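Chemist: I'd like to go over a predicted model; first the sequence, then the structure.
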Amino acid sequence: MTRIAILGSTGSIGRSAVAVVGTHPGRLRITALAAGRNVRALVEQAAHLSPTAISMASEAALVEARALLPPEVSKAVSVWEHGSRGLVEIATRPDVDLVLCASSGTAALEAVLAAIEAGKTIALANKEVLVMAGELVTRAARQKGVTLLPVDSEHNAIHQCLHRREPAEVRRLILTASGGPFRGWSPEALGRVTPEAALSHPTWKMGRKITVDSATLMNKGLEVIEAHWLFDVAPDRIDVVIHPQSVVHSLVELRDGSVIAQLGVTDMRLPIQYAFSYPERWEGALPTLDLAACRTLEFFEPDRAAFPCLGLAYRAMTAGRSFPIVLNAANEVAVAAFLDGRLSFPGIPALIERALEAHDREGACAPRDVADIRHVDGWAHRFAGHELAGVESKIQG
Ligand code: MG
C-alpha cells in the first residue's frame, strides 16, 4: 500500500489523482490533503478519503473546512494546518510514502525540499519548483536517494522513453507542444487576443495560468528547463516540436538516430497512475488510444518569432544561475496582468524580456539556498510590477 499526500488536492491534477487512487483502493491510499481556498471541494474530498492531516492556504479556509466536515471524519484528522507550514507538515507526515506536488506557483518549494529530506518519493506535477530551484531540488534528491517522478505529461513520456537507458545513448529530447489556440496566427492578430480566447485550450483542460502559458508557449519553455533538471540534459539537446493532436506526448532520439515516442490518450490520469505505480505497470481505467480514429498526426516547427516566450526560456536556461527564477516570476506577473485585462498578449514576452535584461544589468547570482531564490523571486515580482505600472500609465496618458 502506497500512502499518498497531495499538495494541491482540489486543482485539476489533484482531482485526477483522487480519481486514480479511487480505481486502486487495494494499492493506494490518500492520507494527507493540502488545498488552497476551495473549501467545498476539500470538504467533499476529505469526507470521502478520511485523511489524517489537512492543510489549507489560509487559516480562515481551514476553520471553515473544519466546521463543515462530518464529526466522524473530523475525529480521524490529527493535524490541521495552514499556509506554507501546513504544506511542509503534509509533505513530511510519517504516514506518507509519496508526495504528489500538484499545487501551482512557487508555494510548494519548501515543502518539496522538506519531503526529499524526509525521504519521501516525489511525484512532481508543478513546474515552478524545478524552474526556480532545479539544482537545489535535484541535488537534494540525489544525496537522499529519493526518486523524482515527473507527472507533467511530456516529462512523464520522456521518463518512459528513457527507461533504463544509458545517458550516453541519448542524443536529444523532443518535447511536443499542442501549439495552443493561436497556432499559425500572425503577430498582428496576436495583438488582439483576449483572455477568454487564451483560456480555451484545444486539447487539454487545465488551470487558468497554465492555459495562458500554453497559448504563449511559455509552458513549453518552462518544460524545457524542467526537462534539463530532471534528465540532466543540456538545453541545446532539448528540442520542441508542435504537435496539435497531443497524442505523442514526447520523444527521445537515441545515438543511432532511432526515435522512441510515448503515445496515449490526453488524460492526466495516465501519467499520474504511472508515477503512483512506478516501477510497476497497472491496469488503468482509461480508454485505449484509438490510432485509426486519430487518422492524422502532424508535426511543425514552433513559430519562435510570433511566440517569443519559448526563446526567452531557452535564453534564461542557457544563462543559468538566477535567470530562470526571473523568467518565471516576470511571467507570473505578466500572465496575471493579461488575465485582468491590464496587459496585451504580446505584452507578456515584452515584460519578461525587460525583467531578464534588468536582471543582467543588476547582477545575476547563483542561488545557494531557498532564501536566495525567494530574494531573486521577490526582486523580479517587484520589478515586473513596477514596469507594468509604467506600461499602464503610458496607455492612460
Ligand atoms: Mg505539460
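Modeler: In hand now; what should we look at?
Chemist: report the longest helix in the protein, please.
Modeler: Using DSSP state H, we find that the single longest helix of the chain is helix 370-396.
Chemist: Show me what counts as buried in that one.
Modeler: For helix 370-396, a neighbour-count test (16 or more other Cβ atoms under 10 Å) marks 372-374, 376-377, 379-381, 383-385, 387-388, 391 as buried. No exception for glycine: its C-beta is placed from N, CA and C like everyone else's.
Chemist: Which of the residues you listed sits closest to E59?
Modeler: R374 (21.7 Å; Cβ to Cβ).
Chemist: Look up how far A107 lies from the closest one.
Modeler: 11 Å (Cβ to Cβ, to the nearest Å).
Chemist: got it, and L162?
Modeler: 30 Å.
Chemist: got it, and A261?
Modeler: 34 Å.
Chemist: Run through the residues of this structure sitting next to the ion.
Modeler: Neighbours of the ion within the chain, by Cβ under 5 Å from the ion: 152-154.
Chemist: Can you flag which of the residues you listed belong to helices?
Modeler: Using DSSP H, the members of the residues of the chain next to the ion that fall in helices are 153-154.
Chemist: Where does this protein get nearest to the ion, residue-wise?
Modeler: Nearest residue of the chain to the ion (Cβ to the ion) works out as D152 at 4.3 Å.
Chemist: per-residue confidence at that residue?
Modeler: You'll see D152 listed with a pLDDT of 95.
Chemist: do the one 5 residues further on as well
Modeler: We note a pLDDT of 98 for A157 in this prediction.
Chemist: Export the residues of the chain next to the ion to JSON lines and append columns for neighbour count.
Modeler: Converted to JSON lines, the residues of the chain next to the ion look like this (neighbours: other Cβ atoms under 10 Å):
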{"residue": "D152", "neighbour count": "27"}
{"residue": "S153", "neighbour count": "25"}
{"residue": "E154", "neighbour count": "27"}
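Chemist: With respect to E280, which of the residues of the chain next to the ion is nearest?
Modeler: Nearest to E280 out of the residues of the chain next to the ion is S153 (Cβ to Cβ; 19.6 Å).
Chemist: List the buried residues in stretch 138-155.
Modeler: Within stretch 138-155, the residues that count as buried by 16+ other Cβ under 10 Å are 138, 140-141, 146, 148-155.
Chemist: what about the helix or strand of the chain with the lowest mean pLDDT, distance to the chain center?
Modeler: Least confident element among the helices and strands of the chain, by mean pLDDT, DSSP states H and E: helix 370-396 (a mean of 89). Averaging C-alpha positions (Cα atoms, centre = their mean, to the nearest Å) puts helix 370-396 22 Å from its chain's average.
Chemist: What helices and strands are in contact with it?
Modeler: Packing partners of helix 370-396 (3 or more Cβ pairs under 8 Å, 6 or more residues apart in numbering; DSSP states H and E): helix 109-117, helix 128-144, helix 323-339, helix 347-362.
Chemist: burial count for Y274?
Modeler: 26 (other Cβ atoms under 10 Å).
Chemist: Also H82?
Modeler: 20.
Chemist: Quick check: it touching A61?
Modeler: Yes: with contact defined as Cβ atoms under 8 Å, H82 counts as touching A61 (7.2 Å).
Chemist: Among the buried residues of stretch 138-155, which pair sits farthest apart?
Modeler: Greatest spacing in the buried residues of stretch 138-155, by Cβ to Cβ: A140 and S153 (24.8 Å).
Chemist: so what are the domain limits for this structure?
Modeler: 2-150, 156-266+292-396 (automatic domain parsing).
Chemist: start to end distance for stretch 76-90?
Modeler: 15 Å (Cα to Cα, to the nearest Å).
Chemist: in that stretch, what counts as buried?
Modeler: Across stretch 76-90, burial judged by 16+ other Cβ under 10 Å covers 77, 80-82, 86-90.
Chemist: okay if I get the residues you listed as TSV plus pLDDT and secondary structure?
Modeler: As requested, the buried residues of stretch 76-90 are exported to TSV (pLDDT from 0 to 100; DSSP: H, G, I helix; E, B strand; the rest coil):
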residue	pLDDT	secondary structure
V77	97	coil
W80	98	strand
E81	97	strand
H82	97	strand
G86	97	helix
L87	97	helix
V88	97	helix
E89	97	helix
I90	98	helix
